[in-house]
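Asker: requesting a structural model of the entry that follows:
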Amino acid sequence: MNKVDVATEIGDVLTTIDALLSDPEFSPSNPKWQQLFALRKHLDDQQRELVQEIFAEDSPEFDQIAKQLGEASDSLEKVAGSIAKLGTVLKTVSSIASLADKILNLAL
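Answerer: Residues are numbered from 1 along each chain as shown. Sure thing, here's the model as predicted:
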């Protein structure tokens, strides 16, 4: 993965989160909706920063973290269609945000 791939992957995660947040059965008054919205905002900020930063994308650390981010994104796709799995969704999105933080920490 390169920086464009990572930014695209985060964009795909944001799209998945947006679909969940707009589900009519998932009310904004639900504390989990609020938590997911906050994570979405954090990921959006990370994506924006990622696009603006230059980082060491040829390092083994970047490659490992980018691979983990891709796997976490794939995992999210598997559970995101079900409101019943919100705990798993929140855990996965938190993991993705953490991985994005690690990539941003590789910034030069």
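Asker: list the buried residues in the helix or strand containing V13.
Answerer: Assigned by DSSP states H and E, V13 falls within helix 3-21. Buried residues in helix 3-21, counted by 16 or more other Cβ atoms under 10 Å: 3, 6-7, 9-10, 13-14, 16-17, 20. Quick note: C-beta positions are derived from backbone N, CA and C, even for glycine.
Asker: just the closest of the residues you listed to K78, please.
Answerer: T16 (10.6 Å; Cβ to Cβ).
Asker: looks to me like S29 is in a strand.
Answerer: No - using DSSP: H, G, I helix; E, B strand; the rest coil, the secondary structure at S29 is coil, not a strand.
Asker: follow-up on the earlier one: output the contacting helices and strands for the helix holding V13.
Answerer: Packing partners of helix 3-21 (3 or more Cβ pairs under 8 Å, 6 or more residues apart in numbering; DSSP states H and E): helix 31-52, helix 60-79, helix 86-105.
Asker: tell me how far stretch 68-75 is from the chain's mean position?
Answerer: Between the centre of stretch 68-75 and the centre of its chain there are 9 Å (Cα atoms, centre = their mean, to the nearest Å).
Asker: give me the contact list for it.
Answerer: Stretch 68-75 is contacted from outside by 1, 6, 9-10, 12-13, 92, 95-96, 99-100, 103, using Cβ atoms under 8 Å, 6 or more residues apart in numbering.
Asker: point out the least confident one among the buried residues of helix 3-21.
Answerer: The lowest pLDDT within those belongs to K3, with 78.
Asker: so that residue is in contact with Q47, correct?
Answerer: No - taking contacts as Cβ atoms under 8 Å, K3 lies outside contact range of Q47: 10.8 Å.
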